[in-house]
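Peer 1: I'll drop the sequence and a predicted model, then ask my questions.
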Amino acid sequence: MQITPPFGYREIVPFYRHNRVRLPPAGTLPPFCSQTNALPLSFTEFGVACRDYPLAFTSSDGGQSFAAVAVLGIAGNENLFVRNDRWDENAYLPAYVRRYPFCMTRVTMDAAEQANRLICVEKSCLSEDGERMFDDAGNPLDRWKPIDKLLNEYEADLERGREMCAILADYSLLEPFTLQAALDEGGAMNLGGMYRVDERKLEFLNAAQHKNLIKKGIMGRIYAHLLSLDNFARLVKRKSAGTR
């Protein structure tokens, strides 16, 4: 059985009901937060995340498939929303962070990816001194219920996001772009490897494609994404002001 950890996780193992988990104190962030300039974003998160972050699309296979992300910094290994190991309380905290140390992942067995998702946990957070999530009879305790709800809802929402990205790619709506930023203290920075929706191509969609985007709620996400691109200017101001 092969389990691939999500970005930022070190080593994950299957979560069992008898496990005790050392949960991070309230407000404490996962180790990866301060050194990542983008995090995955799910379908529903577009509506709230667009207020604070630029929302873009990335591709790890040369533009064949895409993923939605919230851009958090201009330089690599930089998160301008984390200061003194705390996330800016005035900004939306992505579900990718809130689910830690748990996650859901697909398992590969005999080189075949299994259909069902497996709940996993960061191995370093397992401890005999940790909290119980289930009682002796295997029933969920109150502490586990909101975690389980978040994991399942987030995973389903990520799947909607993957479907959205596949449709945007199929309709050839995404184009690469590079942010060129001039900093107040002098100098310039380029942030590339991103994709955005080409507004001009929206005009050439046929009626069926246009209807499908509206029916699936994707058109609203497109508008949220396009409006969020103005947040790149705010991101540059954070960088120039040294808000870290």
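Peer 2: Looks like it arrived, so ask away.

Peer 1: would you state the strands of the chain in chain order?
Peer 2: 2-3, 12-14, 20-21, 38-40, 55-58, 67-71, 82-83, 86-87, 102-109, 112-122, 131-132, 174-182, 188-197 (DSSP state E).

Peer 1: of all these, which one comes closest to residue 140?
Peer 2: strand 131-132 (10.2 Å; C-beta to C-beta). C-beta here means a position set from N, CA and C on the backbone, and glycine is covered the same way.

Peer 1: from the middle of its chain, how far away would that closest one be?
Peer 2: 27 Å (C-alpha atoms, centre = their mean, to the nearest Å).

Peer 1: quickly list what the nearest residue to residue 174 once chain neighbours are set aside is bridged to.
Peer 2: Nearest in space to residue 174, with sequence neighbours left out and distances taken as C-beta to C-beta, 6 or more residues apart in numbering, is residue 195 at 4.4 Å. Beta bridges link residue 195 to residue 57, residue 176 when assigned by DSSP bridges.

Peer 1: pLDDT score for residue 195?
Peer 2: pLDDT recorded at residue 195 is 97.

Peer 1: for it, give its distance to residue 137.
Peer 2: 50 Å (C-beta to C-beta, to the nearest Å).

Peer 1: the two: which is more packed in?
Peer 2: residue 195 (21 against 6; other C-beta atoms under 10 Å).

Peer 1: how about the more buried one, what does it touch?
Peer 2: 56-59, 63, 66, 174-177 (C-beta atoms under 8 Å, 6 or more residues apart in numbering).

Peer 1: I'd say residue 53 and residue 79 touch.
Peer 2: No: using C-beta atoms under 8 Å, residue 53 is not in contact with residue 79, being 10.8 Å away.

Peer 1: can you check which residues contact both of these two?
Peer 2: residue 72.

Peer 1: these two: who's more crowded?
Peer 2: For residue 53 versus residue 79, neighbours defined as other C-beta under 10 Å are more numerous around residue 53 (26 against 20).

Peer 1: check the gap between the more buried one and residue 232 for me.
Peer 2: From residue 53 to residue 232 the distance is 9 Å (C-beta to C-beta).

Peer 1: next, show the common contact partners of the two.
Peer 2: residue 71.

Peer 1: next one: the lengthiest helix in the chain to chain centre, how far?
Peer 2: Counting residues, the longest helix in the chain under DSSP state H turns out to be helix 144-170. Computed by C-alpha atoms, centre = their mean, the chain-centroid distance of helix 144-170 equals 10 Å.

Peer 1: ok, stretch 213-228 next?
Peer 2: With C-alpha atoms, centre = their mean as the basis, the mean position of stretch 213-228 lies at 17 Å from the chain mean.

Peer 1: okay, buried residues for it please.
Peer 2: 213, 218-219, 221-222, 224-225, 228 (16 or more other C-beta atoms under 10 Å).

Peer 1: residue 83 bridge partners, please.
Peer 2: residue 86.

Peer 1: could the strands of the chain go into CSV alongside distance to residue 205?
Peer 2: Converted to CSV, the strands of the chain look like this (distance: least, C-beta to C-beta, whole Å):
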stretch, distance to residue 205
strand 2-3, 40
strand 12-14, 40
strand 20-21, 47
strand 38-40, 26
strand 55-58, 18
strand 67-71, 20
strand 82-83, 39
strand 86-87, 38
strand 102-109, 32
strand 112-122, 32
strand 131-132, 50
strand 174-182, 13
strand 188-197, 11
